[in-house]
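> return atomic coordinates for the entry below.
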Amino acid sequence: AAAVLMVVTQPLLALLVVLLLPMATVIFVVIGSRMRQIFHRVQDQFGVLSTRAQESFAGIRTIKAFAQEEAEIAVFTNDNERYRDLNLRYVLLSGALWPAMTLCLGLISALILLFGGKGVAAGTLTIGELVQFNAYLALLAFPMIILGWMVNLYQQATASLERLNEILRCQPTITSPPTPRLPTGHGAIEFRGVGLRADSNDRWLLRNLSFTVPAGSSLAIVGATGAGKTTLVNLIGRVCDPDEGQVLIDGVDVRALDLAALRRMIGYVPQESFLFSLPLQENIGFGVSDIDPLRLKRVIEVSRLVNDLDQFPGGLATMVGERGVTLSGGQKQRVAIARALMRDPRILILDDALSSVDTHTAAQILTSLQTEMRGRTTIIIAQRIATVRDADQIIVLEDGQVVEQGSHQTLLALNGRYAAMYRRELLTAELEQEEDN
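I've put the predicted structure just below:
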């Protein structure tokens with residue numbers, strides 16, 4: 001409306017305003033685009049700073065153990081200074097927007113007064129019309145100022161949204177099929193010519209894996225570090241899918257099963273036990289809608305977590321620190337074992353689940369697990385032969401391939417890699433016993 005009134009009042013001055021006012025738009029576009037780029041970098045650096053702080057707090061014991069306090073402070077200071085410098089650049093750029101807008105509008109006002117004054121002197125324009133025209137210009141100036149403020153907010157929001165969209169637009173590569181089947185729940189596992197490549201190249205992580213684990217039986221997997229043991233069990237719960245062959249549960253390819261239902265029938269204890277900042281009882285009951293007190297009592301007895309309850313000030317109600325920082329490595333593993341058993345799964349996977357537990361407690365847990373494993377398909381990954389010797393069958397992995405397979409006695413009779421590992425473990429135990437004596 002103000003622009004129309006300008007044209008009615010003085011067309012020539014209105015034409016001047018129309019020609020010069022887009023300068024403000026140009027300023028918005030140029031400075032605003034640069035502001036978005038700088039703010040994106042500010043947000044990225046803030047993420048780096050937050051990650052650095054979180055890692056330092058989580059790993060404070062390791063930092064102190066290696067006397068790296070000063071080094072970590074220096075790294076954090078550098079990250080902080082970088083964040084400050086980027087913020088200063090953004091503030092300076094943001095601060096330049098308003099003076100540029102004021103200068104632009106001021107130049108337009110000065111030109112209006114110059115040419116309008118000449119018109120008044122020449123008698124082609126009255127003083128009242130000039131004042132009226134300036135009032136209309138003021139009405140246009142305020143929306144331009146508001147537009148500058150909105151552009152400032154928009155650039156911040158756009159930069160933040162771009163970072164969020166990087167995550168929101170990601171689609172999971174592993175999903176349920178369009179018409180999924182439900183698992184029958186027996187728990188028989190079969191690998192048929194399974195192979196898996198590394199993501200970055202054509203190197204095979206697993207190759208030509210073929211074996212069967214009958215429902216209710218136990219399978220142990222041994223092998224050197226990096227042989228592919230964890231990768232193998234990840235195929236069962238579809239953490240990744242094979243590049244060749246099939247993984248079947250009860251005779252059905254896992255890729256044809258409902259993903260959520262498949263994972264619900266699996267109880268998994270990973271190598272690195274992750275605990276949440278929740279009470280101990282809620283960590284054990286994670287993923288269970290209704291915690292049965294009798295089942296809870298049973299699983300803490302099987303995991304031998306009951307031996308440590310007296311050490312926790314609130315018992316099962318004790319808050320566990322972030323990532324279980326208040327618990328020892330062995331305690332975290334036992335909580336993870338209890339959590340897996342709490343789900344009463346048809347398939348139980350123990351991935352080196354006793355590596356941080358002392359041998360005496362580990363032996364007690366294994367004895368108690370024999371009852372829990374009865375009628376439940378169980379896969380055990382371990383470095384100690386003593387942990388796996390009672391399994392129904394044992395496979396030895398080397399470079400992603402099965403090189404030996406059979407029971408404990410059968411593999412000892414082969415006098416191959418498994419027998420060598422067993423003799424080495426016995427020798428180590430004897431040397432430790434001699435040292436104790």
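
> how about the strands in the stretch 101-250 of the chain?
Under the criterion DSSP state E, counting those that start in this stretch, the stretch 101-250 of the chain contains strands at 189-197, 204-213, 218-223, 244-249.

> among those, which comes closest to Ile266?
The closest of these to Ile266 is strand 244-249. By Cβ to Cβ, the value is 9.3 Å. (C-beta placed from N, C-alpha, C; glycine too.)

> could you tell me how far that closest one lies from the centre of the chain?
In terms of Cα atoms, centre = their mean, to the nearest Å, the centre of strand 244-249 is found 27 Å from the chain centre.

> same deal with stretch 199-216?
26 Å.

> kindly export that stretch (C-alpha atoms) in PDB.
Presented in PDB, the C-alpha positions along stretch 199-216 are these (Å, rounded to 0.1, in the frame of the first residue of the first chain):
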ATOM      1  CA  ASP A 199      32.600 -52.600   2.700                       C
ATOM      2  CA  SER A 200      35.700 -50.800   1.400                       C
ATOM      3  CA  ASN A 201      37.100 -53.400  -0.900                       C
ATOM      4  CA  ASP A 202      36.600 -56.900  -2.200                       C
ATOM      5  CA  ARG A 203      38.400 -58.700   0.600                       C
ATOM      6  CA  TRP A 204      36.300 -61.400   2.100                       C
ATOM      7  CA  LEU A 205      35.700 -61.300   5.800                       C
ATOM      8  CA  LEU A 206      33.800 -64.600   5.800                       C
ATOM      9  CA  ARG A 207      33.800 -67.200   3.000                       C
ATOM     10  CA  ASN A 208      32.200 -70.600   2.400                       C
ATOM     11  CA  LEU A 209      30.700 -71.000   5.800                       C
ATOM     12  CA  SER A 210      28.400 -74.000   6.100                       C
ATOM     13  CA  PHE A 211      27.200 -75.500   9.300                       C
ATOM     14  CA  THR A 212      24.100 -76.300  11.200                       C
ATOM     15  CA  VAL A 213      23.100 -75.700  14.900                       C
ATOM     16  CA  PRO A 214      20.100 -77.800  15.800                       C
ATOM     17  CA  ALA A 215      17.400 -76.200  18.000                       C
ATOM     18  CA  GLY A 216      18.300 -76.400  21.600                       C
END
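
> can you give me the mean pLDDT across that stretch?
For stretch 199-216, mean pLDDT rounds to 85.

> in the stretch 51-200 of the chain, where is pLDDT below threshold?
144-145, 147-149, 151-152, 155-156, 200 (pLDDT under 70).

> in it, which spans are helices?
For the stretch 51-200 of the chain, the helices defined by DSSP state H, counting those that start in this stretch occupy 60-65, 69-122, 127-168.

> now the stretch 301-437 of the chain
329-342, 359-373, 385-388, 408-414, 417-436.

> can you put those helices in JSON lines and add mean neighbour count, mean pLDDT and distance to Leu205?
Below are the helices of the stretch 301-437 of the chain laid out as JSON lines (neighbours: other Cβ atoms under 10 Å; pLDDT from 0 to 100; distance: least, Cβ to Cβ, whole Å):
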{"stretch": "helix 329-342", "mean neighbour count": "24", "mean pLDDT": "88", "distance to Leu205": "24"}
{"stretch": "helix 359-373", "mean neighbour count": "16", "mean pLDDT": "84", "distance to Leu205": "28"}
{"stretch": "helix 385-388", "mean neighbour count": "20", "mean pLDDT": "83", "distance to Leu205": "22"}
{"stretch": "helix 408-414", "mean neighbour count": "15", "mean pLDDT": "91", "distance to Leu205": "24"}
{"stretch": "helix 417-436", "mean neighbour count": "12", "mean pLDDT": "80", "distance to Leu205": "19"}
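
> nice, that's everything, thank you.
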